[in-house]
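J.: fold the stuff below for me.
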Amino acid sequence: MDTKITIETTVRAPLARVWESWTTPADIMAWNAASDDWHTTASTVDLRDGGAFSSRMEAKDGSMGFDFGGNYTRVAPMSSIEASFGDRSMSVAFSETEEGVLVRETFDAEEQNPIEMQKAGWQAI
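T.: Numbering: from 1, shown residues only. Prediction:
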């Protein structure tokens, strides 16, 4: 599937803090959940071209969980991150605006779930 999905949000914080929140395991564990009944229980980051990343997301009631991980293919500090996971890829751009830091993520859609469901889930995170 060649469908790309783009989500974005503006974070009212300095660029350095937004970058740190996106790339530090403890910070990722604090924000990486699509709803209050899920949480991230583990995260690893080797932030360099070719480095690996992973996160473990679990339902808080223990009923299910999954691992999400891949490899960074290009890291431009304070600017952008490109990564691959399985046969899919994503890119994340960080841009300073008058309102704060615009974080725009574009990723390859998967084939199991409807596009709108994927977009809503990633946007919630």
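J.: please count neighbours and contacts with C-alpha atoms only from this point.
T.: Fine.
J.: list every C-alpha atom in the longest strand seen in the chain, with coordinates, as CSV.
T.: As assigned by DSSP state E, the longest strand anywhere in the chain is strand 65-76. The C-alpha atoms that make up strand 65-76 are tabulated as CSV, following Å, rounded to 0.1, in the frame of the first residue of the first chain:
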residue,chain,number,x,y,z
GLY,A,65,-0.3,-5.2,24.8
PHE,A,66,2.1,-4.8,21.8
ASP,A,67,5.6,-3.8,20.9
PHE,A,68,6.3,-1.1,18.4
GLY,A,69,9.9,-0.6,17.1
GLY,A,70,12.1,0.0,14.2
ASN,A,71,15.3,1.8,13.1
TYR,A,72,16.1,5.4,12.6
THR,A,73,17.2,6.0,9.0
ARG,A,74,18.0,9.7,9.3
VAL,A,75,18.3,11.9,12.3
ALA,A,76,18.7,15.7,11.9
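J.: show residues contacting the next helix or strand after it.
T.: The helix or strand immediately downstream of strand 65-76 is strand 80-85, counting by DSSP states H and E. Residues outside strand 80-85 that contact it (C-alpha atoms under 8 Å, 6 or more residues apart in numbering) are 69-75, 89-94.
J.: as a markdown table, these with distance to T41 would be great.
T.: Formatted as a markdown table, the contacts of strand 80-85 follow (distance: C-alpha to C-alpha, whole Å):
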| residue | distance to T41 |
| --- | --- |
| G69 | 14 |
| G70 | 17 |
| N71 | 20 |
| Y72 | 21 |
| T73 | 25 |
| R74 | 26 |
| V75 | 25 |
| S89 | 23 |
| M90 | 22 |
| S91 | 24 |
| V92 | 23 |
| A93 | 26 |
| F94 | 26 |
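J.: sounds good, over and out.
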